[in-house]
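Colleague: give me a 3D structure for the following:
(chains A and B)
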Amino acid sequence: MTDPGQPGSAGRPGGEVSRPVTEPSSAPADHRYDVVVVGGGVIGLACAWDLAGRGMTVAVVDPEPGRGASWAAAGMLAPVSEVHHGEEPLLALALASARRWPAFAAELEAAVGRSIGYRTTGTLVVAADDGDRAWARELFEFQRDLGLGVQWLTGRRARQLEPAVAPGVRAGIWAPGDHQVDNRLLVGALLDAATAAGAVVHRARAEALECSAGVVSGIGLAGGTTLLAGAVVLAAGTWSAQLAGLPAGVVPAVRPVKGQILRLLPCDRAPTLTRTVRGIVRGASVYVVPREDRTVVVGATMEERGFDTAVTAGAVYELLRDAHRVVPGITEMTLGEASAGLRPGSPDNAPIVGRAAGEGVEGLVVATGHYRQGILLAPLTSAAVGAIVSGQEPPDELAPFGPGRFASVSGRAGA
Amino acid sequence: MHTAGGDFSIAGRALGSRLVLGTGGVSSPDVLDAIVEASGCTLATVAVRRVDPASRGGILDVLRAHGVAVLPNTAGCFTAAEAVLTAKLAREAFDTDWVKLEVIGDEDTLLPDAVELLDAAEQLCDQGFVVLPYTNDDPVLARRLEQTGCVAVMPLGAPIGSGLGIRNPHNIALIAERSSVPVILDAGIGTASDAALAMELGCAGVMVATAITRSRQPARMAGAFRHAVEAGYEARQAGRIPRRYLAQASSPVEGTPDL
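Modeller: Model (predicted):
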């Protein structure tokens, strides 16, 4: 399954290491690059890997690459179970990126010579009570009418598929096309692959976009260094709109949507899950994602609390309460970690990918606002950014998601 | 000129709409924007514990852009002490004395805890808050809340998020009839006709959240509620006909011209 449009297929230096440079000290003396990528999350790193593979000199700026929302995430690649009414164009985008995942994963694993925990074991959605069953049924009919390969299951049939699921579940939806990846292995691999392909990582905070005569000229770092660049990719997640030097209205408001998430460590007393289980519990959603190493990820809250990343007792309680309702055995496991990340949410919750709209920012490419689907959308986004920076046309699926679509919104918010 | 819905005010503040919006389940700022536009609402509740008043790009920006007043609520509180503390935080953070007081009795039903509610209402009214309590459909409790100094009462139609409609219309009518402060039906609304019924029963307004935010087309449903609230109010003012057991022809039978 080779697609000529795959990211970096144009001559990426596979396993061979051309310039294994990771520290600014080894960077070009004058800090001059073809492209500077602001943000080293899954989107920024995937973009850097793609761009470096195209033979460009690339810098990534991030004080802690791979440690933001991409690190907190669960790594679900779930266009089907994440579908919402009124978001059909986003579904088309998500499905297009999901189709790229097998080749993207294979190429990345080949580049770094290790697994990224990509699993195609499918997702089982279960309904906890009768009200949830009605809700699941509506979701199922919506998915079915969209032609998504889903199957309706009775509660007993759902438990045959996944015996660790609670006996009381009323019904299930089997979504075999919803997969997962270990997001932490993924960002580590992307960081290594990007640097192996020649990208330079500057572990610093990007302070300001610098422009000259209406064209971007570089990025100023905290501490005073300036990285000169012919193009800048803005992939700073929920901090994207805060970069100084951005002309007003160029990047729409990206709001932080906090997600708290738990990691449970393997335990012999707990039954093994083989698939991702998503519970609908009293109208709320919880997911239980089993990794290859039997670690289980339980998430996640949705909170609009600004840039707060505190882990709260209430969130841990509610996540475990709801997860226990659908997979009772998990409470035997060790609570290994509770963390929080900030999803970047655009005004319509869809990503913002494309050339920056507006005056004076030629050379600026935006890749942010990926909200709940950054991991899923990384292959398509990075291919699009690579194409745009190279002067080519990005994939059609991204056409509705350019930064220009919010012109009226930003105008009103500023009024 | 006659305006559908008539003049409506709470505690001396004129509100252009009798539909109060709950923002809890809104999926995105753009969806909220469309809901507010379609609903015509001028007052919306926001959970103090769930929303940071300083954050940008979220629901508060949308409400501000539309000139919608923010009514902080104490959602998630189980004791009077928590609710009073949350109301004080809201006064600081949102710069308003208004609070929609919610004190929940248990997680399964999310029904109000009458004892804690009255206790919290008493403390908050005493401290100068403008209190709108979310209460049971109990006419006596509603009156006690009014006597405590609450500026409105917000009885439930059915449990929060249940969409079961108005389970005890008689009690809602009793509350509306005997109350000297506005009665705003809160919780349990499933669809537009439930809101119309609330108004026909004599409520001054209706609060809707889940029925709009979780519908397939939230903005369209918001428009439906706008019309339903206006229609129910107009029907109440116009005066419904008495119910009768047998038919009464709408055209006279005798004296009909023989054509």
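Colleague: ok, A:T274 to A:W101 distance?
Modeller: Separation of A:T274 from A:W101 (CB to CB, to the nearest Å): 19 Å. All C-beta spots, glycine's among them, are computed from the backbone N, C-alpha and C.
Colleague: so for those two, which sits in the more crowded spot?
Modeller: Higher neighbour count among A:T274 and A:W101: A:W101, with 19 against 14, using other CB atoms under 10 Å in any protein chain shown.
Colleague: show me the contacts for that one.
Modeller: A:L77, A:Y118, A:H179, A:V181, A:L376, A:P379 (CB atoms under 8 Å, 6 or more residues apart in numbering or on different chains).
Colleague: from these, pick the one nearest B:V36.
Modeller: If you rank the contacts of A:W101 by distance to B:V36 using CB to CB, A:L376 comes first, at 30.5 Å.
Colleague: the closest one belongs to a strand?
Modeller: No. Counting by DSSP: H, G, I helix; E, B strand; the rest coil, A:L376 falls outside a strand, being helix.
Colleague: may I have the beta-bridge partners of the closest residue in space to it that isn't next to it in sequence?
Modeller: Nearest residue to A:L376 in three dimensions, chain neighbours excluded: A:L77, at 4.7 Å (CB to CB, 6 or more residues apart in numbering or on different chains). Under DSSP bridges, the beta-bridge partners of A:L77 are A:H179.
Colleague: tally of neighbours for A:L77?
Modeller: When neighbours are defined as other CB under 10 Å, A:L77 has 27 of them.
Colleague: what about the residue in the stretch 51-200 of chain B that chain A sits nearest to, which SS state?
Modeller: Using CB to the nearest CB, the closest approach of the stretch 51-200 of chain B to chain A is made by B:G57 at 3.0 Å. Of the three states, B:G57 takes coil according to three-state DSSP.
Colleague: now the phi/psi pair for it, please.
Modeller: When quoted as degrees, to the nearest 10, the phi and psi of B:G57 stand at phi 80, psi 0.
Colleague: the one 4 residues further on too?
Modeller: Backbone geometry at B:D61, expressed as degrees, to the nearest 10, gives phi -60, psi -40.
Colleague: so it makes contact with A:A253?
Modeller: Yes. B:D61 is within contact range of A:A253, at 7.2 Å (criterion: CB atoms under 8 Å).
Colleague: quick one: mean pLDDT for whichever helix in chain A runs longest?
Modeller: The longest helix of chain A (DSSP state H) is helix A:88-112. Predicted confidence along helix A:88-112 averages 95 (mean pLDDT).
Colleague: identify each buried residue in it, please.
Modeller: By 16 or more other CB atoms under 10 Å in any protein chain shown, the buried positions in helix A:88-112 come out as A:90-91, A:93-101, A:103-105, A:107-109, A:111-112.
Colleague: a strand runs through A:I261, doesn't it?
Modeller: Yes. Under three-state DSSP, A:I261 falls within a strand.
Colleague: which residues sit in contact with it?
Modeller: The neighbours of A:I261, taking CB under 8 Å, 6+ apart as the test, are A:A72, A:A73, A:A74, A:V297, A:V298, A:G299, A:A300, A:L319, A:A338, A:S339, A:A340, A:G341.
Colleague: how many neighbours does the fifth one have?
Modeller: For A:V298, the count of nearby residues is 25 (other CB under 10 Å).
Colleague: surely it and A:L319 touch.
Modeller: Yes. Look at A:V298 against A:L319 with CB under 8 Å: they come within range, at 5.3 Å.
Colleague: now the common contact residues for those two.
Modeller: Residues touching both A:V298 and A:L319 by CB under 8 Å, 6+ apart: A:I261, A:L262, A:V286.
Colleague: is B:A196 in a helix, a strand, or coil?
Modeller: Three-state call for B:A196 (three-state DSSP): helix.
Colleague: tell me the contacts of it?
Modeller: B:A196 touches B:A228, B:V229, B:A231, B:G232, B:A235, counting by CB under 8 Å, 6+ apart.
Colleague: residue ranges for the strands of chain B, please.
Modeller: With DSSP state E as the criterion, chain B has strands at B:8-10, B:13-15, B:19-22, B:43-47, B:69-73, B:98-101, B:130-135, B:154-155, B:184-186, B:205-208.
Colleague: run me through the strand neighbours of the third one, direction for each.
Modeller: Note on strand B:19-22: by DSSP bridges, its sheet partners are strand B:43-47 (parallel), strand B:205-208 (parallel).
Colleague: what's the answer for the longest one, then?
Modeller: Take DSSP bridges as the rule and strand B:130-135 pairs in its sheet with strand B:98-101 (parallel), strand B:154-155 (parallel).
Colleague: quick one: distance of the last one to the chain centre.
Modeller: Once both centres are worked out by CA atoms, centre = their mean, to the nearest Å, strand B:154-155 turns out to sit 7 Å from its chain's centre.
Colleague: chain neighbours aside, what residue packs nearest to residue 114?
Modeller: Went with chain A since none was named. Counting by CB to CB, 6+ apart, A:A189 is the residue found nearest to A:R114 once chain neighbours are left out, at 6.9 Å.
Colleague: um, chain B though
Modeller: B:L141 is the one closest to B:A114 (CB to CB, 6+ apart), at 5.4 Å.
Colleague: and B:D106, how far from B:P112?
Modeller: 10 Å.
Colleague: same question for A:P379.
Modeller: 49 Å.
Colleague: A:A194 now?
Modeller: Counting by CB to CB, the gap from A:A194 to B:P112 is 55 Å.
Colleague: now A:I280
Modeller: A:I280 sits 26 Å away from B:P112, going by CB to CB.
Colleague: and for B:S39?
Modeller: Distance of B:S39 to B:P112, computed by CB to CB: 25 Å.
Colleague: again, but for A:A310
Modeller: Taken as CB to CB, the span from A:A310 to B:P112 is 29 Å.
Colleague: more crowded one of these two?
Modeller: Just comparing A:A310 and B:P112: by other CB under 10 Å the higher neighbour count belongs to B:P112, 27 against 9.
Colleague: residues contacting that one?
Modeller: B:E102, B:V103, B:I104, B:G105, B:P133, B:Y134, B:T135, B:N136, B:L156.
Colleague: now these as JSON lines including neighbour count?
Modeller: Shown next, in JSON lines, are those (neighbours: other CB atoms under 10 Å in any protein chain shown):
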{"residue": "B:E102", "neighbour count": "28"}
{"residue": "B:V103", "neighbour count": "29"}
{"residue": "B:I104", "neighbour count": "22"}
{"residue": "B:G105", "neighbour count": "16"}
{"residue": "B:P133", "neighbour count": "30"}
{"residue": "B:Y134", "neighbour count": "26"}
{"residue": "B:T135", "neighbour count": "28"}
{"residue": "B:N136", "neighbour count": "19"}
{"residue": "B:L156", "neighbour count": "26"}
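Colleague: switch those over to TSV; also include distance to B:L32 and pLDDT.
Modeller: Putting these into TSV (distance: CB to CB, whole Å; pLDDT from 0 to 100) gives the following:
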residue	distance to B:L32	pLDDT
B:E102	21	96
B:V103	26	96
B:I104	24	94
B:G105	29	94
B:P133	25	97
B:Y134	21	97
B:T135	27	97
B:N136	29	96
B:L156	23	96
